[in-house]
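S.K.: here is a sequence with its predicted model. Questions after.
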Amino acid sequence: MIRLSGALLLLLLGCAARPAPASRPPPSLEPTVATPLTPPPARTFDDGPAVADPAAVLTWLDAGRGRRVQLPVVVQFDDQHRLAVTGASIGAGGVPLKLDDTAMGIALIDQLRTLCPPGPACTVWLEGTWGPLMEGMPDFGTDAGPARHDFAVRRVVGLADATATQVRGERP
């Protein structure tokens with residue numbers, strides 16, 4: 001007969017199958033959220049002045065500073081690879097813009113690169129607020145050429161076509 005030492009016997013008894021504990025509910029695969037997320041509110045936009053009249057567009061945008069607007073923006077790219085935006089204006093040859101995409105989750109250039117067809121320029125509807133995202137930020141003098149107006153981009157709405165002849169403002 002084989003003799004087992006006390007330590008070996010305890011090891012064998014410890015490894016023996018144990019009965020399952022009282023039944024528990026299976027773990028939930030749903031993430032626990034303190035409050036459910038709500039979709040952003042539906043926004044309604046009304047037509048503003050025609051992009052062919054830059055003075056009227058500027059007056060209208062300055063009067064509605066702080067509200068959401070949608071602008072048909074012509075964006076020029078640096079080269080065929082579209083790694084950077086070199087210029088932007090409301091309509092072709094309209095009000096020159098300085099686009100600020102810091103409030104966006106995905107960079108504006110990345111969205112434009114996937115949305116726009118190949119070419120040196122693309123016209124898109126951009127939604128945002130007129131003016132800088134933050135007031136009082138320093139200008140480091142890197143902008144050459146004519147003065148450009150700040151536009152804080154919040155969302156790329158989509159491609160614009162030839163019917164995009166007016167700016168749009170959010171209905172109060």
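M.R.: Looks like it arrived, so ask away. Residues are numbered from 1 along each chain as shown.

S.K.: would you mind measuring from the residue nearest the centre of the chain to residue 130?
M.R.: For the chain, the residue nearest the mean C-alpha position is residue 104 (3.3 Å; CA atoms, centre = their mean). Distance, residue 104 to residue 130, by CB to CB, to the nearest Å: 16 Å. All C-beta atoms are positioned from the backbone trio N, CA, C, and that covers glycine.

S.K.: on that earlier part again, the nearest residue to the residue nearest to the centre of the chain once chain neighbours are set aside is in what secondary structure piece?
M.R.: For residue 104, ignoring the flanking residues on the chain, the nearest one in space by CB to CB, 6 or more residues apart in numbering is residue 153 at 6.2 Å. Under the criterion of DSSP states H and E, residue 153 resides in strand 149-159.

S.K.: gap between residue 154 and residue 121?
M.R.: 22 Å.

S.K.: more neighbours, the two?
M.R.: residue 154 (17 against 13; other CB atoms under 10 Å).

S.K.: ok, that one touching residue 102?
M.R.: No: the criterion here is CB atoms under 8 Å, and residue 154 misses it with residue 102 at 10.4 Å.

S.K.: about what we covered before: show me what the strand holding residue 153 is packed up against.
M.R.: Contacts defined by 3 or more CB pairs under 8 Å, 6 or more residues apart in numbering; DSSP states H and E place strand 149-159 against strand 68-77, strand 97-100, helix 108-115, strand 121-130.

S.K.: helix 108-115 and the last one, what's the angle between them?
M.R.: Right, strand 121-130. Using axes from the mean of the first three to the mean of the last three CA atoms, to 10 degrees, the direction of strand 121-130 lies 140 degrees away from that of helix 108-115.

S.K.: next secondary structure after the helix-or-strand element of the chain with minimal mean pLDDT?
M.R.: In the chain, no helix or strand scores lower on mean pLDDT, DSSP states H and E than helix 6-14, which sits at a mean of 61. Moving toward the C-terminus from helix 6-14, the next helix or strand (DSSP H and E) is strand 45-50.
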